[in-house]
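Undergrad: All I have is the shape, not the residue letters:
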């Protein structure tokens with residue numbers, strides 16, 4: 001297992017920082033970078049600029065990548081919208097995360113705040129499924145749920 005990457009955005013979570021998060025996660029896949037930027041953007045949009053955010057990413061021995069974005073507000077929960085109109089400027093972030101992640105959810109820690117997490121599986125090997133398509137196994141009722149989920153390293 002490779003070591004976890006932890007980014008502390010203490011009082012600096014702003015729209016400009018989102019590109020910095022993507023750059024800091026350049027060792028991970030484009031899907032991980034996209035999910036991280038969408039989750040950090042959600043914090044900025046729904047809680048405001050300057051909210052402290054912690055981003056953690058690590059890969060397990062099986063190649064699965066776990067991403068966690070923690071913020072201090074336990075009440076502002078992510079909601080996957082059923083559909084977003086073509087003219088709407090926002091509302092697609094969680095739909096992207098839901099499409100890319102094998103599963104995702106929200107965990108409340110022992111203190112205040114919450115962690116929105118997702119797990120991404122490795123892309124199929126060359127000659128497998130078409131680029132951008134993923135199997136969505138193991139999703140069940142876990143994705144989008146609110147509840148405790150163990151953290152990694």
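TA: That came in fine, so what should we check first? This one's a predicted model, so the numbers in the text were calculated from it and none came from an experiment.

Undergrad: and residue 53, helix, strand or coil?
TA: Classification of residue 53 into helix, strand or coil gives strand, according to DSSP: H, G, I helix; E, B strand; the rest coil.

Undergrad: again, but for residue 21
TA: If you use three-state DSSP, then residue 21 falls in the helix class.

Undergrad: Surely it and residue 55 touch.
TA: Yes. Taking contacts as C-beta atoms under 8 Å, residue 21 lies within contact range of residue 55: 6.1 Å. The way it works is simple: take the backbone N, C-alpha and C, and place the C-beta from them, glycine included.

Undergrad: Can you check which residues contact both of those two?
TA: Here residue 21 and residue 55 have 7, 9, 36, 40 as joint contacts, going by C-beta atoms under 8 Å, 6 or more residues apart in numbering.

Undergrad: Can you name the two of those that sit furthest apart?
TA: For these, with distances taken as C-beta to C-beta, the pair at the greatest spread is 9 and 36 (11.2 Å).

Undergrad: And the lowest mean pLDDT element among the helices and strands of this protein?
TA: Counting by mean pLDDT, DSSP states H and E, the chain has its least confident helix or strand at strand 145-146, which shows a mean of 42.

Undergrad: what's the closest of the shared contacts of residue 21 and residue 55 to residue 103?
TA: Of all the shared contacts of residue 21 and residue 55, the one sitting nearest residue 103 is residue 36; the distance, using C-beta to C-beta, is 16.2 Å.

Undergrad: Just the element for that closest one, please.
TA: Per DSSP states H and E: residue 36 is located in helix 30-47.

Undergrad: Go through that helix and flag the buried ones.
TA: Within helix 30-47, the residues scored as buried using 16 or more other C-beta atoms under 10 Å are 31-44, 47.
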